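sequence first, then the predicted structure, then my questions.
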Amino acid sequence: MFFEPIRTWDGSEMNHLIYSWESEGSMGSPGCSDINDNLIYENDILKYKKYISILKRGKFSYNGKILNGWYLECYYKDNKVISPFYQNDSYEVIGNIFKNKDLYNKIKLREEVRIDDFVG
């Protein structure tokens, strides 16, 4: 069995554990940190180039191929783009979909988002 750092949301706070990524309700980590040395987890909201992105894991389509692994849902203006997650890029964690529901809802509705309002 493969073990990695995970994070779980209990409705009020994040809990950090070392566990199997197959655990139900767990948010696995690809094992890398952002530009501020914060470990990146599944469902984190990331600032990435000109995009606000959400880290996901599973099957996704990219360049006509079906891949399985870590990927980003990248949002920019009215566009949503799927991109593989590369561990050597410069990401910045600005929240996650559970603790920052207001930001997440704006992203999903493609409303204008001021990244600086959500940093920290």
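Alright, I've got the coordinates.

low pLDDT regions in this protein?
For the chain, residues meeting the criterion pLDDT under 70 lie at 1-11, 14-26, 112-120.

using CSV, write out the CA atom coordinates for stretch 91-98.
Output of stretch 91-98 as CSV, limited to C-alpha atoms (Å, rounded to 0.1, in the frame of the first residue of the first chain):
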residue,chain,number,x,y,z
TYR,A,91,2.4,27.6,-7.9
GLU,A,92,1.1,29.6,-5.0
VAL,A,93,-1.6,28.1,-2.7
ILE,A,94,-4.2,30.8,-2.2
GLY,A,95,-6.8,28.6,-0.5
ASN,A,96,-8.8,25.4,-0.9
ILE,A,97,-12.3,24.6,-2.0
PHE,A,98,-13.5,23.8,1.5
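
what about it, distance to the chain center?
6 Å (C-alpha atoms, centre = their mean, to the nearest Å).

and if you look at stretch 34-46?
Worked out by C-alpha atoms, centre = their mean, stretch 34-46 lies 7 Å from the chain centre.

that stretch spans what distance, first to last residue?
Length of stretch 34-46, first residue to last, C-alpha to C-alpha, to the nearest Å: 9 Å.

and the spatially closest residue to Tyr71 that is not a sequence neighbour, how many neighbours?
Nearest in space to Tyr71, with sequence neighbours left out and distances taken as C-beta to C-beta, 6 or more residues apart in numbering, is Phe60 at 4.5 Å. Where you see a C-beta, it was placed from the backbone N, CA and C, and this is true even at glycine. Neighbour count of Phe60, defined by other C-beta atoms under 10 Å: 19.
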